[in-house]
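Student: fold the following for me, if possible:
(one chain, ligands or ions: 1)
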Amino acid sequence: MQSHISNHPNTMIDPSNLSSDDDELATGNFVSRQLFSLQHIPIIELFIALFVFIAIHSLRQKKHHGLPIWPVLGMLPSLVGGLRGNMYEWMSDILNNQNGTFRFKGPSFSSLDSIITSDPRNLEHLLKTKFPNFPKGPFFRDTVHDLLGNGIFNADDATWQQQRKTASIEFHSAKFRQLTTESLLELVHSRLLPILENSIKQSLPIDLQDILLRLTFDNVCMIAFGVHPGCLSLNLPEIPFAKAFEDATEATMLRFVTPMYIWKIMRYFNLGIERKLKHSINVVDEFAEDVIRTRKEELSLQCNNNMSKQRSDLLTVFMGLKDEAGQPFSDKFLRDICVNFILAGRDTSSVALSWFFWLLHHNPRVEERILEEICGIVSEREEVKKGEYQSVIFRPEEIKKMDYLHAAVSDALRLYPSVPVDHKEVVEDDIFPDGTVLKKGTKVIYVIYAMGRMEGIWGKDCREFKPERWLRDGRFMNESAYNFTAFNGGPRLCLGKDFAYYQMKFVAASVIYRYHVKVVENHPVAPKLALTMYMKHGLKVNLYRRDESEIQKYLNTN
Ligand code: HEM
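Tutor: I've put the predicted structure just below:
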C-alpha cells in the first residue's frame, strides 16, 4: 500500500488503483492515513492555495459583473478602493465598461446590494413611466427620518403629493418671485459684493465656495422661514443654526455607508457620531421652534389688528392651510417642511457656481463670451450710456435674456451635477428597458455624474466645457431630463429649478461684470464624497477688478 499512497502532500489519490483485498484499507486505514497525510500539509500552503483559487474566481467575475466579487465581502474591497480616489470617476468608468448598468453586490452583513445605472432609458422608466414603482422607499426614509421627518424630500405618496402641490403653487406665484428676487438682490449687492471688494482691498484670497454657501443658505432660509440667519456678513461669522444644519446633514449621510443595525445601536446608546447628530438636530429644532412661535404671534397680532398678510415665505403659507381633518398643521410638520426646503436649496446652487467659476478660470474664451452677452444686454441702459457701469443692478428680464450664460451654467451642471448620485427603491418586480431584472425591494442608484460624460448622449467632446452645445442660433435649447438629470425628472423634477437658474445667473453675471475670478495657483480641486458635490478643499480665488475699458470694448461692439 505504501506504493499506492504517498505521504507527499501534493500526491493525488486514485481509488481505482485499490484492489478488492484492499477494501479494509480503503474504508478504515485509508481514512486515518489520509488524515495523517493532511496533518503534514503546511497550513500556510493550504491557505495560499485557497486564497489563489478564490482570488482567481473573484477576479474572473469582474468581466461579467464589472468588479470582482469576494466571498462574504462581495464588491466591498473595490468600493473601499473607489472611495479613496475620485468615487464618481470610478463609478463612471465601471458604468462605461458595463454599457450603463451594473449590479453592486455588497457584503452579506450589509444592506448595500443595489443596481447602479446611468442609462437614460432606465432613468425615464424609473423617474416617469413607472414612477409609482420607484419611491424613495423605507431604507431612505428610515435613514434620514430623524433629520427630515415627513418633509417633501423624505415623503412618498399622499404626504409628498400634498406638499408638492402646495409648494408648487407657491413657487409659481408672483408674490413668491418677488420675495426671492428681492432677497437675492439684497444679499448680492449689500453683502456679497462688499465682501469681494474687501478681499481686493486686503489683497487676500477668499474661499469662494464658502462665501457662496453662506449666500444660498441665507437666501433659502428667507424662502422657507422668512428670516435669514446672517451667515453672509463681512466677518464671516459661524452661525450655530447653519453649523448644526451642516453637521446634521453630514452625520445623516454617514448612515448610508454604515450597516443599519450598527447606527441604530449607536443611536440607542447615544454614542459617537449619533450623539453629535442628536445634538445638531436639537439645535436645528430649537431654531425652527423659535421661528414658528414668533411667526404665530406675529400672525395672530396681524389678525387681531385686521391687517392683511405681508409675508409670502413657505412657513407662512403652510401655516394658513389645513390638513385632511381640517386641522392646522402641527408645529413638527411645519418644521419638517421648512427643514426639507432648506436642505433642497441650501447648497445645490452654490456648489454648482463654484464648479462654474473653476471651469471659467480654465476657459477664458467662455468668460469673454459671457461678458460680451451681458454688455450687449445692458448697453441700452441710461446709466451705462453715461459711463456709470458700477451702478448696474440686473433686472429679472435682463437675466432671462442671458442665453449664453444659461448654457454655460447648464454645461457646468452637466459636468459637475450638484446631486451626483440619487437613489430609489423597487416596490414590485420589474424589468428595466435595458433588460436588467429588478426584484422587489432592490435599491436603484442612478449616477447623474456619469451621465454627463456619456459619449452616446453628448458626443466625443463630452468631457469638454462647451456652452455652445446647448445653443441653436444663439438661443438656449433644453435637453431631455433623462439625458440631463441634474434637476431630476418626471413628477419629482426639482421644484426650485427656475429659481436656481435665476439665482445662479444673477450671482454669476453680477460677479463677472465686475471682476476676474482667478483660482489660486496649485489650489487642489476635487469633489468631496457627500450627497451634494462640494469641492473638497473649497475654491481659493483671488479677485481682480475688471478694467472699465473691457466693458467699453464690449459695449462698442454691440
Ligand atoms: C443648482 C441648483 C439645484 C439643483 C442641481 C437641484 C437638483 C435637485 C434634484 C436632483 C432633486 C431630486 C432630489 C431627490 O428627489 O432625491 C431636487 C429636488 C428638489 N429641489 Fe432642487 N436643485 C437645485 C436647487 C434648488 C433650490 C434653490 C430649491 C428651493 C429653493 C430646490 C428645491 C427642491 C425641492 C423642494 C425638491 C424636492 C422635489 C420633490 O421631491 O418633489 N432645489 N433638486
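Student: thought Cys375 was touching Ile512?
Tutor: No. Using Cβ atoms under 8 Å, Cys375 makes no contact with Ile512, being 10.4 Å away. Using the backbone N, CA and C atoms, a C-beta is placed for each residue, glycine as well.
Student: can you pull out the strands in this protein?
Tutor: Applying DSSP state E to the chain gives strands spanning 101-104, 114-117, 206-207, 421-425, 430-431, 437-438, 443-447, 471-472, 475-476, 515-519, 540-545.
Student: closest one to the ligand among the ones you listed?
Tutor: For the strands of the chain, distance to the ligand was read as Cβ to the nearest ligand atom. The smallest value, 4.8 Å, belongs to strand 421-425.
Student: now for that closest one, which elements pack on it?
Tutor: If you count contacts as 3 or more Cβ pairs under 8 Å, 6 or more residues apart in numbering; DSSP states H and E, strand 421-425 packs onto helix 137-148, strand 443-447, helix 448-451.
Student: can you tell me the strand partners of the second one and which way each runs?
Tutor: Within its sheet, strand 443-447 is paired with strand 114-117 (parallel), strand 421-425 (antiparallel), according to DSSP bridges.
Student: in the chain, which residue sits nearest the ligand?
Tutor: Nearest residue of the chain to the ligand (Cβ to the nearest ligand atom) works out as Gly496 at 2.2 Å.
Student: still on that earlier bit, using a markdown table, lay out the helices and strands packed on strand 421-425 together with mean pLDDT, mean neighbour count and distance to Val317.
Tutor: A markdown table is the format used below for the helices and strands packed on strand 421-425 (pLDDT from 0 to 100; neighbours: other Cβ atoms under 10 Å; distance: least, Cβ to Cβ, whole Å):
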| stretch | mean pLDDT | mean neighbour count | distance to Val317 |
| --- | --- | --- | --- |
| helix 137-148 | 92 | 18 | 19 |
| strand 443-447 | 95 | 21 | 32 |
| helix 448-451 | 97 | 25 | 30 |
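Student: interface residues of the stretch 51-200 of the chain facing the ligand?
Tutor: Residues of the stretch 51-200 of the chain that fall close to the ligand, judged by Cβ under 6 Å from any ligand atom: 152-153, 164.
Student: hmm, try it at 5 Å
Tutor: Arg164 (Cβ under 5 Å from any ligand atom).
Student: spell out which parts of the protein neighbour the ligand.
Tutor: Residues of the chain lying close to the ligand by Cβ under 5 Å from any ligand atom are 164, 344-345, 348-349, 352, 418-419, 422, 486-488, 492, 494-496, 500.
Student: now this structure, which segments are flagged as low pLDDT?
Tutor: Scanning the chain with the threshold set as pLDDT under 70 gives 1-41, 49, 52-64, 108-111, 304-309, 556-558.
Student: distance of Asn235 from Leu543?
Tutor: Asn235 sits 18 Å away from Leu543, going by Cβ to Cβ, to the nearest Å.
Student: the two: which has the busier surroundings?
Tutor: Per other Cβ atoms under 10 Å, whichever of Asn235 and Leu543 has more neighbours is Leu543, with 22 against 6.
Student: ok, that one - contacts?
Tutor: 196, 199-200, 206, 515-518 (Cβ atoms under 8 Å, 6 or more residues apart in numbering).
Student: what does Met402 give?
Tutor: 370, 373-374, 377, 505, 509.
Student: mind doing that once more with 10 Å?
Tutor: Contact analysis of Met402 by Cβ atoms under 10 Å, 6 or more residues apart in numbering lists 370, 373-374, 376-377, 394, 408-409, 476, 501, 505-506, 508-509.
Student: between those residues, which has the most around it?
Tutor: Highest neighbour count within the contacts of Met402, by other Cβ under 10 Å: Ala408, with 29 neighbours.
Student: I'd say that one and Leu360 touch.
Tutor: Yes. If you go by Cβ atoms under 10 Å, Ala408 and Leu360 touch, sitting 7.7 Å apart.
Student: what touches both of those two?
Tutor: By Cβ under 10 Å, 6+ apart, the residues touching both Ala408 and Leu360 are 366-367, 370, 465, 508, 512.
Student: now stretch 372-392: buried residues?
Tutor: 372-378, 384, 389, 392 (16 or more other Cβ atoms under 10 Å).
Student: residue contacts, the residue positioned nearest the centre of the chain?
Tutor: Centrality entry for the chain: nearest residue to the mean C-alpha point is Val419, 2.4 Å, by Cα atoms, centre = their mean. If you count contacts by Cβ under 10 Å, 6+ apart, Val419 has them with 344, 347-348, 351-352, 413, 448-449, 485-488, 494, 531-533.
Student: which ones among those residues lie within helices?
Tutor: The helices, defined by DSSP state H, take in 344, 348, 351-352, 413, 448-449 from those.
Student: which of those residues lies closest to His189?
Tutor: Ala352 (21.2 Å; Cβ to Cβ).
Student: that closest one is in contact with Ala408, isn't it?
Tutor: No. Checked against Cβ under 10 Å, the pair Ala352 and Ala408 is beyond contact range at 11.2 Å.
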